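Chemist: The following comprises the amino acid sequence and a computationally predicted model.
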Amino acid sequence: MAGVLSLLIVFCLAWQWPAQAEDHITVFAASSLQTALDDAIKAFREHGGGTIVASYAGSSALAKQIEQGAPADIFISADTDWMDYLDGKGLIDSKSRRDFWSNDLVLIAPKGHLPAIDLKSGVDLSSALNGGLFAVANMQSVPAGRYARAALLALDAFSSVGNHFVEVENVRLALALVARGETPLGIVYKTDALAEPGVAIVATFPKDSYPRILYPGALVKRNGAGGSADAFSRNFLSFLQSPVVRSIFARRGFQVLD
Amino acid sequence: MPYVTPEEMVAIRLSLKVAFWAMMASMPFGVAVAFVLARYHFWGKTFLNVLVHLPLILPPVVTGYALLLLFGRHGPLGSVLADVFGVTIAFRWQGAAVAAAVMGFPLLVRATRLSIEAIDQRLESAAATLGARPSAVFATITLPLAMPGIMAGMILCFGKALGEFGATITFVSSIPGETRTLPAAIYTLLQTPGGDPAALRLIIVSVFISFAALLFSELLARRIMRRMVVA
């Protein structure tokens, strides 16, 4: 019996524990940034900038985690509300805050099952749904869901979906539901649709049907942090404005802001 | 094992680290509680038993949120740990281990309690009449005889810790290299365009580890049965 125990211990200790690299910073970023920001992080490392660990989730979940003390150095939200939320609690460095990118809101369907829908006022989505579900991010809290709700309400199309919404915790989950053909329709950002070969864009929502999509980023204030980590984080924030990253995000379909 | 990328390896190692420490942290408390439950009758015993089993029945997100309230930056335990010892466990791998330990605790206690109850107490009485102190009886008679159950419980606890998702993601989020364990990594990959092959690799790894843990536990359970038949 002791043999089993020691075997287990040796087995576990033989694996080198994941090195707690001190020379990295953690970025909490909106799910929709995943593909492009991963590219930017790779470019940063290749330019000798150092290692960035990125954690992606709905901006709402990330903001709540930062409020609870999660070790984020940088927060990039998919709307201004959640950044304002943390700003209001004094948890971010307001001076470092700036809007980096903008995006569009699109209606998507699984590739090969593309209904013809014209997104104008009074559009009826129920026939395209045909009893299926409509994938959106959570419409109360997650930015992508809030934009989607605003757009559907503005077009007077919200009630045509009725109780067929399936609300998920971030936009990439809504994207995955449509890509797997589980739901015939969904609303995501244009850049999500471009990143997923399994979906196609049915139509783009008119810009005036929802609040402008903005991605603000800022340094998170952390107790005991500062010094080298702080310089590291500032370095990465300015790298996000470099021509290299601007072209990465432009290629992925984002509108890069000045 | 199929080829795994360095990022996936980080998740696998982190999961093993978290599960290992969850198991080790649970063990002393689990054995103590199992011994008390198996041997003593006291006021509030039912309550203790219910409390121990609560993480098994409660929705994991409730357990995770309770841990966050306790150990978060404003929590009663979290603020003391941070102010007095300078230790933070919320959103750290240590927190993942704590969440996994709490979730695996009932399994450890159940298995250990059964094997303690199966011990012939006359052996302990014999040792005592021969002059052994209670602590010596426990160390030389009770503990060795209960060992198969403790081992089986530890392995179940390890397995549970490896698969813990709900409480972990609520309490410590999913930060790569820090708190993104196997289940969290798989969940993330399922939302990543083109992530399915990587998810499948990690799923195979999970099946492999779970299978091995259960097999261990099964073999140990068989040993207990044989011992009971002999007794």
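Modeler: Sure, I can see it.

Chemist: Now do the contacts for the residue nearest the centre of chain A.
Modeler: The residue lying closest to the centre of chain A (Cα atoms, centre = their mean) is A:S31, at 2.1 Å. Neighbour list for A:S31: A:Y56, A:A57, A:G58, A:A78, A:A144, A:N170, A:V171, A:R172, A:L173, B:Q191 [criterion: Cβ atoms under 8 Å, 6 or more residues apart in numbering or on different chains]. Backbone N, C-alpha and C define where each C-beta goes, glycine included.

Chemist: So what does the residue of chain A found nearest chain B have for phi and psi?
Modeler: Chain B sits closest to A:G69 of chain A, with a gap of 3.5 Å, by Cβ to the nearest Cβ. For A:G69, the backbone dihedrals are phi 100, psi 20 (criterion: degrees, to the nearest 10).

Chemist: For it, give its distance to B:I89.
Modeler: Distance, A:G69 to B:I89, by Cβ to Cβ, to the nearest Å: 10 Å.

Chemist: Which neighbours do these two have in common?
Modeler: Contacts common to A:G69 and B:I89, judged by Cβ under 8 Å, 6+ apart, are B:G78.

Chemist: Would you mind writing the CA trace of stretch A:131-142 as PDB?
Modeler: Listed next in PDB are the C-alpha coordinates belonging to stretch A:131-142 (Å, rounded to 0.1, in the frame of the first residue of the first chain):
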ATOM      1  CA  GLY A 131     -38.700  26.400 -34.500                       C
ATOM      2  CA  GLY A 132     -34.900  26.400 -33.800                       C
ATOM      3  CA  LEU A 133     -33.100  28.500 -31.300                       C
ATOM      4  CA  PHE A 134     -31.400  31.800 -31.700                       C
ATOM      5  CA  ALA A 135     -27.900  32.000 -30.200                       C
ATOM      6  CA  VAL A 136     -26.800  35.200 -28.500                       C
ATOM      7  CA  ALA A 137     -24.500  36.100 -25.600                       C
ATOM      8  CA  ASN A 138     -26.300  36.900 -22.400                       C
ATOM      9  CA  MET A 139     -28.500  40.000 -23.100                       C
ATOM     10  CA  GLN A 140     -28.400  41.400 -19.600                       C
ATOM     11  CA  SER A 141     -24.700  41.400 -19.000                       C
ATOM     12  CA  VAL A 142     -22.400  40.300 -21.800                       C
END
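
Chemist: ok, and what's touching that stretch?
Modeler: By Cβ under 8 Å, 6+ apart, stretch A:131-142 touches A:58-61, A:125, A:143-146, A:148-149, A:161, A:164-171, A:173-175, A:177-178, A:182-187.

Chemist: Run through those and flag the ones next to chain B.
Modeler: Among the contacts of stretch A:131-142, the ones lying near chain B by Cβ under 8 Å from any Cβ of the partner chain are A:A61, A:N170, A:L173, A:L175.

Chemist: Of those residues, which pair is most distant in space?
Modeler: Using Cβ to Cβ, the pair of those lying farthest apart is A:A61 and A:L175, separated by 16.5 Å.

Chemist: circling back: and which of the ones next to chain B among the contacts of stretch A:131-142 is nearest to A:A36?
Modeler: Nearest member of these to A:A36, counting by Cβ to Cβ, is A:L175, at 14.2 Å.

Chemist: Now tabulate the contacts of A:S31 in a markdown table and tack on secondary structure and pLDDT.
Modeler: Formatted as a markdown table, the contacts of A:S31 follow (DSSP: H, G, I helix; E, B strand; the rest coil; pLDDT from 0 to 100):
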| residue | secondary structure | pLDDT |
| --- | --- | --- |
| A:Y56 | strand | 94 |
| A:A57 | strand | 94 |
| A:G58 | coil | 94 |
| A:A78 | coil | 97 |
| A:A144 | helix | 97 |
| A:N170 | coil | 93 |
| A:V171 | helix | 96 |
| A:R172 | helix | 94 |
| A:L173 | helix | 93 |
| B:Q191 | coil | 84 |
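
Chemist: A:F254: which of those is nearest?
Modeler: For those, the residue nearest A:F254 by Cβ to Cβ is A:A78; the value is 11.4 Å.

Chemist: show me what contacts that closest one?
Modeler: A:A30, A:S31, A:S32, A:L33, A:S59, A:N103, A:P143, A:A144, A:V171, A:Y189, A:I213, A:Y215.
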